[in-house]
Each structure stands twice: as C-alpha cells, then as structure tokens.
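**Student:** following is a predicted model, sequence given first.
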Amino acid sequence: MPHVETSFTISREGLDLSKQLLMDQQFGGSWTDQKMRIVVDYARAYLTIMATLPWVKTIYFDGFAGSGVIKGEDGEAVKKGTALQILEITSPKPFDLYYFVELNEAHKCTLENQIKENHPGRKAYVIKDDCNNKLKALADYLTKNRTYRALSFIDPYGMDVKWSSIEALKGLGVDLWILVPTGVGANRLLKVDGNISDGWYKALETCLGLNRAEIDKRFYRRTTTHTLFGAETTVTKEKETVQKLGDLYAERLGEVFKYVSEPFLLKNSMNSIMYHFMMATNNAAGVKIANDVIKPKYEA
Ligand SMILES: C[S@@+](CC[C@H](N)C(=O)[O-])C[C@H]1O[C@@H](n2cnc3c(N)ncnc32)[C@H](O)[C@@H]1O
C-alpha cells in the first residue's frame, strides 16, 4: 500500500462551507472519548479473533488520523488520540501494519514523532494525503494481497468522504467504522425551502453517491396546486431528515458490505443528532461485536 499512488484529486467545491459549519465541534469533548472507546474496544476484539487466524495479516487504516494527541482549551496535550491508543494494543497481538492518513502537515509530523518515540518497532506509515486517495489505495492493496484484512477508522469533521471511495471497498476484507456527518453536515445542506445551490447539491451527491433527483425524492415533497394564476409548486422538506440520512447511509453501506451495525448516535447538548457512527463489514462476527461495543454503557 505505501507504494500505491493514485492520481485522484478532490474537488472541494461545496465542501468548504459545510466544513465551516462543523468547526464548532468540541474536539476534546465526550464525543471523542465515545468514538475512541468504541474503536479501541472493537480493535481489541478484532485482534483477538485475528490471533486465531495466523495466516491473516492485519492492517489498521486510519483515514483521518489526527496528531495522536488531543489538546485541551489551553492548547496543551491532555490525552492520547485514537491512533496512539490503537498502537498501545499488544495483547493478544498488535496489528501487523499501521497506515495513518492525515492531511494537515503539522498533525502528520506530530503523529510521526509520537510513533518514533513511543512505538519505534512498529511497521507504521504516516502519510500526508487526502483520505479518499488512500481509501482507493487500500482497496487496490487488499485486492492484490488477499491474506490481508483491514480495520479502518474514518473520522472526518465534515463531508470529506466521497461515496466512490467507500464503494471501492466492495468485496474486500475491511471492517469500516465511519463517522457520518448527518446532523452537522448533510442535513444543513438540505435547506428547508429546497433552494439548494449547485455546490451544495454536488457536496451531497459526492457524499451520498446519489444524484440530485434521488436526493430530492428522499428528502422533499413537491405538491402542485392549480390556482387562478396557474400552477404553483410547494416544496416541503421531509420530517426527521437527520435520522433519515443515517438510515440512508446505512442502506448505502449495505450495498457495499454484507452487514452494517446499528448506529451509535453522537448528540449535542440540545439532544440533536450531530453524527451517526456505524460499522460495515463482510463478517457476521464483526457486526455482532460492533453492536455490542456501541451499547448504552458507552453513551454519555
Ligand atoms: C476528528 S480529527 C481526527 C481525530 C482522530 N481520529 C482521533 O480520534 O484521535 C480529523 C483529522 O482529519 C484531518 N483531515 C481533515 N480532512 C482530511 C482529509 N480529507 N484527509 C485526511 N485527513 C483529513 C484533520 O487535519 C484532523 O486532524
């Protein structure tokens, strides 16, 4: 995988505005803890199963790796990020290979240094790139190296993940934990009056893998009434669209993977859903474990 490059580039049109809306996320807050606990607990169970299959080589693929440290409001490191917590797992065995993707140069360097200092013996790559490029590279790698299995953690702030990148994983040995920005991302682009700009439609299409007409059909009702002055069309946004976006994403994942877990809901202080966090796999045992690790004991 480190040798596999793609020429793929991302159009960011339409994504930047939604991203701005997302930057109020409490990065060091309980969401982070909940996600980390789920992924780390899942990784332990995953490695326990893999330890019984000595011919299988394991990859931990982290598409939005961060710096490895989580900082408090004063900018000081307060706890280890998911990447470092995953690297700390040694029992029953560590992963054979770690692949961390991080777009931000400073985060990438910090993580690299942390790994050099604390886990010098590990086969770990930290790559500065867009996660979408490397998801495709991961798919290529797994296609060519059939003894490898990957546990993948995809943890974006916003609508950075292209549906085509997820689709590339079809039929491969990947267990994919993905944070889906339903409330903070997609739902904010689905404007109440249905008057969505081309850029926002493009962002929705790219993220959901649906075209404009399919998106409209899912999330809007159009009613035409005939008045004295001709036909008038009223556009009404469906109710509970955040939940429907979560259902839709799970349905889409179900077209790529055999099994999709229940969603773990990340909510804000107003009890509104911000993200759906879910796991997709081709492995029946995997989805059972995923559903166990997201049980209410993990909720704040
Ligand atoms: C939510 S943080 C990751 C936290 C990390 N997963 C953890 O649990 O410790 C998201 C990270 O993704 C990086 N990032 C943003 N867009 C990216 C992209 N398109 N590809 C890869 N990394 C990206 C950001 O610089 C940031 O460090």
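**Tutor:** Yes, it's here. Note that the structure is predicted; figures quoted are calculated from it, not measured. Numbering: from 1, shown residues only.
**Student:** show me which residues of this protein sit near the ligand.
**Tutor:** 36, 64-66, 81-83, 101-104, 107, 130-131, 155, 157, 160 (CB under 6 Å from any ligand atom). In short, each C-beta sits where N, CA and C put it, glycine included.
**Student:** of those residues, which belong to strands?
**Tutor:** Per DSSP state E, strands hold the following members of the residues of the chain next to the ligand: residue 101.
**Student:** which of the residues of the chain next to the ligand count as buried?
**Tutor:** Buried members of those, counted by 16 or more other CB atoms under 10 Å: 36, 64-66, 81-83, 101-102, 107, 130-131, 155, 157, 160.
**Student:** could I get the pLDDT score of residue 164?
**Tutor:** Residue 164 is assigned a pLDDT of 98 by the prediction.
**Student:** so where do the strands sit in the stretch 201-300 of the chain?
**Tutor:** 220-227, 230-237, 259-260, 264-267, 273-281 (DSSP state E, counting those that start in this stretch).
**Student:** tell me which of those strands sits most buried.
**Tutor:** strand 273-281 (a mean of 24; mean count of other CB atoms under 10 Å).
**Student:** partners of it in the sheet?
**Tutor:** Note on strand 273-281: by DSSP bridges, its sheet partners are strand 174-180 (antiparallel), strand 259-260 (antiparallel), strand 264-267 (antiparallel).
**Student:** pick out the shakiest of these, pLDDT-wise.
**Tutor:** Among the strands paired with strand 273-281, strand 264-267 scores lowest, at a mean of 95.
**Student:** if I look at the nearest residue to residue 212 once chain neighbours are set aside, how far off is residue 182?
**Tutor:** Among residues not flanking residue 212 along the chain, residue 201 sits closest, at 5.2 Å (CB to CB, 6 or more residues apart in numbering). Between residue 201 and residue 182 the computed distance is 17 Å (CB to CB, to the nearest Å).
**Student:** so which of those two has more stuff around it?
**Tutor:** Per other CB atoms under 10 Å, whichever of residue 201 and residue 182 has more neighbours is residue 182, with 25 against 17.
**Student:** pretty sure that one contacts residue 245?
**Tutor:** Yes. Judged on CB atoms under 8 Å, residue 182 makes contact with residue 245 at a distance of 4.0 Å.
**Student:** the strands of the stretch 201-300 of the chain into a markdown table, with extra columns for distance to residue 71?
**Tutor:** Below are the strands of the stretch 201-300 of the chain laid out as a markdown table (distance: least, CB to CB, whole Å):
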| stretch | distance to residue 71 |
| --- | --- |
| strand 220-227 | 41 |
| strand 230-237 | 38 |
| strand 259-260 | 33 |
| strand 264-267 | 20 |
| strand 273-281 | 20 |
